[in-house]
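> pasting the structure only:
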Ligand code: GLN
């Protein structure tokens, strides 16, 4: 019949409903694809075979009983390993949480399960989501399916790689400063960071609570829209006070025309240092594609965006420091053996449980929040946050969405960038969106003329205009012809539906 990696989420669910194949056959094909491909990508930290087969069996039983199937019935999905799922460990790719068994299921995961998905397991990430390479995972790196010598991006690198290699149809990631959009761009898949508050964070290990947002990744905008339906179904989650009711049908306007609608571009941004010519060319191609679909391209400015890195790398470590204080060597995860005092146990557990970047962020946060320092940095960063948010409000008075890269370069080789500050600077295009709480999405545009590696274009939209953002993303996808692409070295390897 077909290889699972050629099917959209809708086609998988429809095929099951029509009896072309069973959910169990789909689950076995997904497990087969994972065993054929994951040795190369190393996207997974745990494969939840039993959970997958029992969810698939429940889907098949529901169909046999004549019940209407859920919208994502039988669709293979996996989750970033900072999301709790009963029956799996939630490690955040850290020694600190290596033995930690999920005590309950996160709302975002539960809502995907309620939509009928088959859960295949947990995906690699940068330790506690600090990073943009996935190389800081305490367990192993993940490889970019387009070139396994290269990083998949991060911190949701396992999610992007699993989707790009066709191991799953949809993956969830989290995005505090770009961790969905940047790996999506580097792996040639669609990755959406919904508006802050659109998706519940309950049960997702916190990094920067005023910035964190969960979102879907897939090989098609339609798959991402379907996942948004699932993630927002039921509206506000009473377990996350910041969650809003964003329950709507994100498919309803997906194919609407963008004729006469306005797309902002920021010419000065394309002169940014470090932006490669092929990424610049891809942005021109994206703008031309949107213009050919009838959009009006308008120049806008976000004058304070240049300060977003400085503001983020104050705010995010401060929030991380306070969130990660709970890993004290007593309540969760790793506990240093043989300590004489509680203080010793706590400090040695932290010293040995956390990796270098997790320590760097927490020490930075501790320093920045200390008396006398706080006023100079944290307070100033909050003021910059207000200015950036105001910039966006002005810009979104003129345009519906803003187009820019998600990453200044294509994927780089493992270890090629070792200076943490150089990695931080590469977050220049994604961070301001989290600072303002807006929505953003990366859509694959082309393979770079020089590198042959995927390049995504990012669209950013105002808060709670997620459905409109998806309409523009779909128009961009239609104009680019990368829809549904699986990294060539992996396409068709295992995963045949018989
Ligand atoms: N690269 C950014 C950082 O290291 C973003 C991470 C994220 O979004 N989780 O903080």
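Nice, I can see it. Predicted model, so just to flag it, every value in this text is computed and none were measured.
> could you list every residue that touches the closest residue to residue 425 other than its chain neighbours?
Once flanking residues are discounted, residue 425 sits nearest to residue 309: 6.3 Å by CB to CB, 6 or more residues apart in numbering. To be clear about C-beta, it is placed using only N, CA and C from the backbone, and glycine gets the same treatment. Contact partners of residue 309, counting by CB atoms under 8 Å, 6 or more residues apart in numbering, are 424, 425, 427, 428, 431.
> and which of the residues you listed is nearest to the ligand?
Each of the contacts of residue 309 was scored against the ligand by CB to the nearest ligand atom, and residue 427 proved nearest at 4.7 Å.
> Now do the residue minimising distance to the centre of the chain against the ligand, distance only.
Nearest to the mean C-alpha position of the chain, by CA atoms, centre = their mean, lies residue 180 at 2.5 Å. Residue 180 is 7 Å from the ligand, where distance means CB to the nearest ligand atom, to the nearest Å.
> Surely that residue touches residue 156?
Yes: counting by CB atoms under 8 Å, residue 180 touches residue 156, with 5.4 Å between them.
> Quick check: neighbours shared by the two?
Counting by CB under 8 Å, 6+ apart, the residues touching both residue 180 and residue 156 are 173, 174, 191, 217.
> who touches the helix or strand bottoming out on mean pLDDT in the chain?
Least confident helix or strand of the chain, by mean pLDDT, DSSP states H and E, is helix 420-425 with a mean of 94. For helix 420-425, the surrounding residues in contact (CB under 8 Å, 6+ apart) are 131, 132, 133, 274, 309, 313, 357, 360, 417.
> just checking: which of the residues you listed also lie near the ligand?
131, 132 (CB under 6 Å from any ligand atom).
> which of the contacts of helix 420-425 sit farthest apart?
Greatest spacing in the contacts of helix 420-425, by CB to CB: 274 and 360 (21.7 Å).
> Now do the phi/psi pair for the residue of the chain most remote from its centre.
Seen from the C-alpha centroid of the chain, the residue lying at the greatest distance (CA atoms, centre = their mean) is residue 340, 41.8 Å away. Note on residue 340: its backbone torsions stand at phi -80, psi -30 [degrees, to the nearest 10].
> ok, now residue 357?
Dihedral angles for residue 357 - degrees, to the nearest 10 - are phi -70, psi -40.
> so it sits right up against residue 130, yeah?
Yes: using CB under 8 Å, residue 357 is in contact with residue 130, at 4.8 Å.
> between these two, what contacts are shared?
With CB under 8 Å, 6+ apart, residue 357 and residue 130 have common neighbours residue 136.
> So between these two, which is more surrounded?
residue 130 (32 against 18; other CB atoms under 10 Å).
> who are the neighbours in contact with that one?
Residue 130 touches 136, 155, 207, 320, 357, 358, 361, counting by CB under 8 Å, 6+ apart.
> And those residues, which is closest to residue 437?
residue 207 (15.3 Å).
> Can you classify that closest one by secondary structure?
coil (DSSP: H, G, I helix; E, B strand; the rest coil).
> What helix or strand is residue 120 located in?
strand 118-123 (DSSP states H and E).
> should've said residue 456
Per DSSP H and E: strand 454-461 holds residue 456.
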